[in-house]
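**Q** Sequence and predicted structure, then a few things I'm wondering about:
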Amino acid sequence: DAKTTQPTSMDCAEGRAANLPCNHSTISGNEYVYWYRQIHSQGPQYIIHGLKNNETNEMASLIITEDRKSSTLILPHATLRDTAVYYCIVRLLQGAQKLVFGQGTRLTINP
Amino acid sequence: DTAVSQTPKYLVTQMGNDKSIKCEQNLGHDTMYWYKQDSKKFLKIMFSYNNKELIINETVPNRFSPKSPDKAHLNLHINSLELGDSAVYFCASSRTSGRVNEQFFGPGTRLTVL
């Protein structure tokens, strides 16, 4: 599995956009970028995924660079409930692929 | 209408005991997983079953034995519990042929071995 690197921690003011970067320079052509988050003491929760185009859903937007070596998860209007550890993971789309979690980014939303 | 459920939520036991954790999903998924999150918060895959067949078996002691009686259930039995087994164990499931193939996680079972 390709490795990802993320900042250990980030802070963001409530109501502002939170931009979480991720580097995945060794990603292969058929691997997708997935984002999950883990709110304190809960199971991880899927947020969004993409291959090479930018993606948006009700939770977030995902911007993937043209060379696919990095991406940014955007929470457009962060709330206190978005405080969590965010994990960037690269993996194949199909099959029973294990999720390889790194250290993630601990995002704290401040009032 | 819980998607992935685990029992028990908390489990406190003595070293050397044998215990089981149960997991059930009502999403109609074909694959289920067990992950372990240790005290340093690192999440690691342990096992995965696809249609009741073991397909992922990471380096896990033989004391851990998963069992999948049907596609909706994946239980984890642990023999001769050790202090280092203390962790939060998460069950997950997915539909491997889907467009998204995201994994849905249960609420976790916090195991404490004394």
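**A** Right, received. Where do you want to start? Treat the numbers as computed from the prediction; the structure is a model and nothing was measured. Numbering: from 1, shown residues only, chains lettered A, B, ... in the order given.

**Q** who in chain A is up against chain B?
**A** A:34, A:38, A:41-46, A:49, A:85, A:93-101, A:103 (CB under 8 Å from any CB of the partner chain). Just so you know, the C-beta spots here come from the backbone N, C-alpha and C atoms, and that holds for glycine as well.

**Q** show me where pLDDT drops low in the chain?
**A** No chain in the question, so chain A it is. A:1-2, A:96 (pLDDT under 70).

**Q** meant chain B, my bad for not saying
**A** B:1.

**Q** What ranges does it have for its strands?
**A** With DSSP state E as the criterion, chain B has strands at B:4-7, B:10-13, B:19-25, B:31-37, B:43-50, B:53-57, B:64-70, B:73-78, B:87-94, B:104-105, B:109-113.

**Q** The shortest one: how far from the chain's middle?
**A** Read that as strand B:104-105. Here strand B:104-105 shows a centroid-to-chain-centroid distance of 11 Å under the convention CA atoms, centre = their mean, to the nearest Å.

**Q** helices and strands around that strand, which ones?
**A** Under the contact criterion of 3 or more CB pairs under 8 Å, 6 or more residues apart in numbering or on different chains; DSSP states H and E, strand B:104-105 touches strand B:87-94.

**Q** Likewise for the last one?
**A** For strand B:109-113, the elements it packs on are strand B:10-13, strand B:19-25, strand B:87-94, judged by 3+ CB pairs under 8 Å, 6+ apart.

**Q** redo that, cut-off 6 Å
**A** With contacts taken as 3 or more CB pairs under 6 Å, 6 or more residues apart in numbering or on different chains; DSSP states H and E, strand B:109-113 sits against strand B:10-13.

**Q** for the strands of chain B, which one sits closest to residue A:68?
**A** strand B:87-94 (23.3 Å; CB to CB).

**Q** Just the buried positions in the strand or helix carrying residue A:32, please.
**A** For residue A:32, the host element (DSSP states H and E) is strand A:31-38. Of all the residues in strand A:31-38, those buried under the rule 16 or more other CB atoms under 10 Å in any protein chain shown are A:31, A:32, A:33, A:34, A:35, A:36, A:37, A:38.

**Q** most centrally placed residue in chain B?
**A** residue B:34 (3.1 Å; CA atoms, centre = their mean).

**Q** gap between the residue of chain B most remote from its centre and residue A:9?
**A** Farthest-out residue of chain B from its mean C-alpha position, per CA atoms, centre = their mean: residue B:99, at 24.1 Å. Distance, residue B:99 to residue A:9, by CB to CB, to the nearest Å: 33 Å.

**Q** Repeat that for residue B:59.
**A** 30 Å.

**Q** Of these two, which one has the most company?
**A** Neighbours were counted for residue B:59 and for residue A:9 using other CB atoms under 10 Å in any protein chain shown; residue A:9 has more, 12 against 6.
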